[in-house]
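Colleague: Just to be clear, the model below is a prediction. Sequence and coordinates:
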Amino acid sequence: MTGRVRSLVFVSAGVVLVGVVWGLIWGLLTPGIDGRMVAPNKAVATGDTTTDFTAIGVYFAVAMIAGVILALVFWMPPKLRGPAGVAGLAFGAIAAGIIAVWVGDLVARLRFPGRDGVPVDGDFTQAPSLRMSDAYLDIGGGIGFSWALLVVAPLTALLTYLVLVVMNRSGDLGSPDDPAPVVSRRSRPTRYRTPDPMTRQ
């Protein structure tokens, strides 16, 4: 396995790990929405009406931290530093955000089962939604969120990467150069001097 392949495997694993941890943190920290069943298939909210905004704020804060970590992950392999690493970082941050939504929604639904099976006049707590008006994206499986949230981690990651580039004093960003080709010197034939027979004694 070459060094570049190992670097790609490293950053890919980092993207998945950051996305999973990001989702776990959001799912464990986000508040639930309290409600009450007032009729069959009809419920009203009884708790704080700003819960959805709080959930988005928590996702936003964790996304910024995840962006910084992803920038460090993509900076660590010297072979990926440069334009290719920047492009990979942007797409990797978006992928990590989508993974975080899937994992976070699963954890939040386990914490807050919702109103299924709750009788009339019964109270319940359901998971919040990451939806913003005019910025909704459905990723399948009944899970949706605001695509605008996907720009938080990439922007934070790219800004952090830029800081790392500015702080680096090496002109090649510390990336190892390709080995210089070995130029073989053609051996010159050895000239033997024929002894002068007159000098023999």
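Modeller: That came through fine.
Colleague: residues near D116, how many?
Modeller: 7 (other CB atoms under 10 Å). Where you see a C-beta, it was placed from the backbone N, CA and C, and this is true even at glycine.
Colleague: Assumed it was part of a helix.
Modeller: No. According to DSSP: H, G, I helix; E, B strand; the rest coil, D116 belongs to no helix; its state is coil.
Colleague: Next one: A45 relative to G3, how far apart?
Modeller: Separation of A45 from G3 (CB to CB, to the nearest Å) stands at 55 Å.
Colleague: cool, A108 as well?
Modeller: In this view, A108 and G3 are 40 Å apart by CB to CB.
Colleague: which of these two has more neighbours?
Modeller: A direct count of neighbours by other CB under 10 Å for A108 and G3 places A108 higher, at 23 against 12.
Colleague: ok now do the more buried one, which residues does it touch?
Modeller: 26-27, 30, 32, 127-128 (CB atoms under 8 Å, 6 or more residues apart in numbering).
Colleague: can you tell me the helix or strand for it?
Modeller: Assigned by DSSP states H and E, A108 belongs to helix 83-111.
Colleague: what separates the helix or strand that that helix is followed by from the chain centre, distance-wise?
Modeller: For helix 83-111, the succeeding helix or strand toward the C-terminus, using DSSP H and E, is strand 123-126. Centroid separation between strand 123-126 and its chain, computed with CA atoms, centre = their mean, to the nearest Å, is 33 Å.
Colleague: What lies in contact with strand 123-126?
Modeller: Applying CB under 8 Å, 6+ apart, the external contacts of strand 123-126 come out as 32-37, 43, 46-47, 112-115, 118.
Colleague: Next: stretch 55-74.
Modeller: So stretch 55-74 is contacted by 10-11, 14-15, 18-19, 21-22, 25-26, 29-31, 80, 85, 88-89, 92-93, 96-97, 100, 104, 128-130, 132, 146, 149, 152-161, 164 (CB under 8 Å, 6+ apart).
Colleague: Show me where the chain has its helices.
Modeller: 3-29, 51-75, 83-111, 152-167 (DSSP state H).
Colleague: Show me what the first one is packed against.
Modeller: With contacts defined as 3 or more CB pairs under 8 Å, 6 or more residues apart in numbering; DSSP states H and E, helix 3-29 has these neighbours: helix 51-75, helix 83-111.
Colleague: quick one: it to chain centroid distance?
Modeller: Computed by CA atoms, centre = their mean, the separation of helix 3-29 from the middle of its chain amounts to 6 Å.
Colleague: repeat for the shortest one
Modeller: With CA atoms, centre = their mean as the basis, helix 152-167 stands 12 Å off its chain's centre.
Colleague: That one packs against which elements?
Modeller: helix 51-75, helix 83-111.
Colleague: So for the shortest one, mean pLDDT?
Modeller: Same thing as helix 51-75. Helix 51-75 carries an average pLDDT of 90.
Colleague: Now do the buried residues in that helix.
Modeller: Residues 51-52, 55-56, 58-59, 62-63, 66-71, 73-75 are the ones in helix 51-75 that count as buried (16 or more other CB atoms under 10 Å).
Colleague: how near is A45 to I65?
Modeller: Taking CB to CB, one finds A45 at 30 Å from I65.
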